[in-house]
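In: What would the 3D arrangement of this be:
(2 chains)
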Amino acid sequence: MNSPEVLDRTLVLRAQDGEQAAFGELVSRYMQRAYYAALGLVGSHDDALDLSQEAFARAFRARASIDPERPFFPWLYQIIRRLCFNHTRDTSSHRKKLERTGHWLSDTTMGSAPDSPERALERAELRDQVGAAIEKLKPREREVIVLREFEGLRYREIADAVGIPIGTVMSRLYAARRALARELVAAGVVDAKMLEEQ
Amino acid sequence: MDSGGTSSPRDRARQLMMAAVDDEITPEERDELEAALAGDAALRDEWDAFMRLREVTGGMTVRRPPPEIWESYWEGVYRRFERGLGWVLASVGAIVIATWGTWEWVSQLMADVETPILVRWSVLAMCAGLVILFVSVVRERWFMSRSDPYRDVLR
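Out: So this is what the prediction gives:
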């Protein structure tokens, strides 16, 4: 059997023996996932690339502490999220509201069917508004919504990655979606019914 | 779906709403949610708003970067290993050289009988003080990083 878990375990053990090529294989296996996880958290291509690479470099330095019996990515994700949250905290005071662009999102419905230019423009604006609204969420709320909506993780996977119970995942998702709806109401994208009842 | 404990029926209904929105709900839980929504107009409004939100965000995903970045990704990680190692070696070398230079200078100063004894002992006291401060700061940071109960708290 050569399941992803078995392959991870083999690569981790080889990396722990000092085999850099084995760690290189782990990087190849998880670089995209790491990048997209970071992109969802920091909202910038350059920062996501930088932080995800830094996470791998730190993972390599701390490879002796990896438990080969557990999946590799949730362990790596702990490093990614800490780097991203620290980065967001350190840069938040420098980023003004107007700088939130939402350009890190894309719309898969665009281009799948011929749209009128007006419709395409409308979807592009909506995408940017959603992206900018997500950027305004609290980091922990933003994290769960990105993992669920854009990474497509199941609740169990989110719980494992973030290190919280499933019930907390759902509560946090609820809070995140309400906050997102509030932002979109303010932007005129969603009707105000959402805010009538607290 | 095992949601764990919840604090109120409404919180429970809200968790079930999330599970329903994300297709992680069991048939029994769906019945429970339907019953909750039927008996609470405010929850029903929230539910409708969440469904609208799903329509808005549906089809959106994170933007794909240029595929070339994956070809050079490993090099970026590798450069970080190299630079990390470079910084460590350079720092260790600089600390050793600075320590040796200071030791030589202080030894010569202490052996120089032409320098007033007050100056010699003052320099020695200053060096000892700096060493104590350095060790104290390093030790504090070391212990704090290992025992800080708030180290995982994200501000």
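
In: Output the contacting helices and strands for whichever strand or helix holds B:Ala125.
Out: When secondary structure is defined using DSSP states H and E, the element that contains B:Ala125 is helix B:117-147. Here helix B:117-147 is seen to pack against helix B:73-111 when contacts are counted using 3 or more CB pairs under 8 Å, 6 or more residues apart in numbering or on different chains; DSSP states H and E. (C-beta placed from N, C-alpha, C; glycine too.)

In: Is chain A within reach of the helix it packs on?
Out: Yes: counting by CB under 8 Å from any CB of the partner chain, chain A is contacted by helix B:73-111 at B:73-74, B:76-78, B:80-81, B:84.

In: Tell me the one among those residues nearest to chain A.
Out: Minimum distance to chain A across the residues of helix B:73-111 next to chain A is 3.7 Å, recorded for B:Arg80 (CB to the nearest CB).

In: give the contact list for that closest one.
Out: Contact partners of B:Arg80, counting by CB atoms under 8 Å, 6 or more residues apart in numbering or on different chains, are A:53-54, A:56-57.

In: Inside helices: which ones of these?
Out: Cross-referencing the contacts of B:Arg80 with the helices (criterion: DSSP state H) gives A:53-54, A:56-57 as the overlap.

In: And the contacts of B:Arg80, which is closest to chain B?
Out: Of the contacts of B:Arg80, the one sitting nearest to chain B (CB to the nearest CB) turns out to be A:Ala57, at 3.7 Å.

In: Once you drop chain neighbours, what's closest to that closest one?
Out: Sequence neighbours aside, B:Arg80 is the residue nearest to A:Ala57 in space, at 3.7 Å (criterion: CB to CB, 6 or more residues apart in numbering or on different chains).

In: same deal with B:Ile25?
Out: In this structure, B:Ile25 finds its nearest non-sequential neighbour in B:Ala19, 4.1 Å apart by CB to CB, 6+ apart.

In: State the number of residues packed around the closest residue to A:Ala62 other than its chain neighbours.
Out: Ranked by CB to CB, 6+ apart and with sequence neighbours excluded, the top spatial neighbour of A:Ala62 is A:Ile79, at 7.9 Å. With neighbours defined by other CB atoms under 10 Å in any protein chain shown, the count for A:Ile79 comes to 19.

In: does A:Ile79 really touch A:Arg58, like I thought?
Out: Yes: when contacts are counted by CB atoms under 8 Å, A:Ile79 is listed as touching A:Arg58 (5.4 Å).

In: Point out where chain B drops to low pLDDT.
Out: In the prediction, chain B carries residues with pLDDT under 70 at positions B:1-7, B:147-155.

In: how far out from the middle of the chain is stretch B:80-99?
Out: Distance of stretch B:80-99 from its chain centroid, counting by CA atoms, centre = their mean, to the nearest Å, is 24 Å.

In: cool, stretch A:9-24 as well?
Out: With CA atoms, centre = their mean as the basis, the distance from the averaged C-alpha position of stretch A:9-24 to the chain average is 26 Å.

In: for stretch B:27-38, same thing?
Out: 40 Å.

In: can I have it written out in PDB, keeping just the CAs?
Out: As requested, C-alpha coordinates have been extracted for stretch B:27-38 and formatted as PDB (Å, rounded to 0.1, in the frame of the first residue of the first chain):
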ATOM      1  CA  PRO B  27     -30.700  13.300   8.000                       C
ATOM      2  CA  GLU B  28     -31.600  13.300  11.700                       C
ATOM      3  CA  GLU B  29     -29.800  16.700  12.200                       C
ATOM      4  CA  ARG B  30     -31.600  18.100   9.100                       C
ATOM      5  CA  ASP B  31     -34.900  17.100  10.700                       C
ATOM      6  CA  GLU B  32     -33.800  18.800  13.900                       C
ATOM      7  CA  LEU B  33     -32.800  21.900  12.000                       C
ATOM      8  CA  GLU B  34     -36.100  22.000  10.000                       C
ATOM      9  CA  ALA B  35     -38.000  21.900  13.300                       C
ATOM     10  CA  ALA B  36     -35.900  24.700  14.800                       C
ATOM     11  CA  LEU B  37     -36.400  26.900  11.700                       C
ATOM     12  CA  ALA B  38     -40.100  26.200  11.600                       C
END
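
In: Return the set of buried residues in that stretch.
Out: B:29, B:32-33, B:36-37 (16 or more other CB atoms under 10 Å in any protein chain shown).

In: would a markdown table of these with distance to chain A and secondary structure be doable?
Out: Output for the buried residues of stretch B:27-38, formatted as a markdown table (distance: CB to the nearest CB, whole Å; DSSP: H, G, I helix; E, B strand; the rest coil):
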| residue | distance to chain A | secondary structure |
| --- | --- | --- |
| B:Glu29 | 11 | helix |
| B:Glu32 | 14 | helix |
| B:Leu33 | 12 | helix |
| B:Ala36 | 14 | helix |
| B:Leu37 | 13 | helix |
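
In: Let me have these in a markdown table, extended by distance to A:Glu157.
Out: Listed next are these as a markdown table, based on distance: CB to CB, whole Å:
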| residue | distance to A:Glu157 |
| --- | --- |
| B:Glu29 | 19 |
| B:Glu32 | 24 |
| B:Leu33 | 23 |
| B:Ala36 | 27 |
| B:Leu37 | 27 |
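
In: so A:Ser106 sits in a helix?
Out: No: the secondary structure assignment for A:Ser106 gives strand rather than a helix, going by DSSP: H, G, I helix; E, B strand; the rest coil.

In: what about the closest residue to it other than its chain neighbours, how many residues close to it?
Out: By the measure of CB to CB, 6+ apart, the closest residue to A:Ser106 outside its immediate chain neighbours is B:Arg63, 4.2 Å from it. Per other CB under 10 Å, the neighbour tally for B:Arg63 reads 17.
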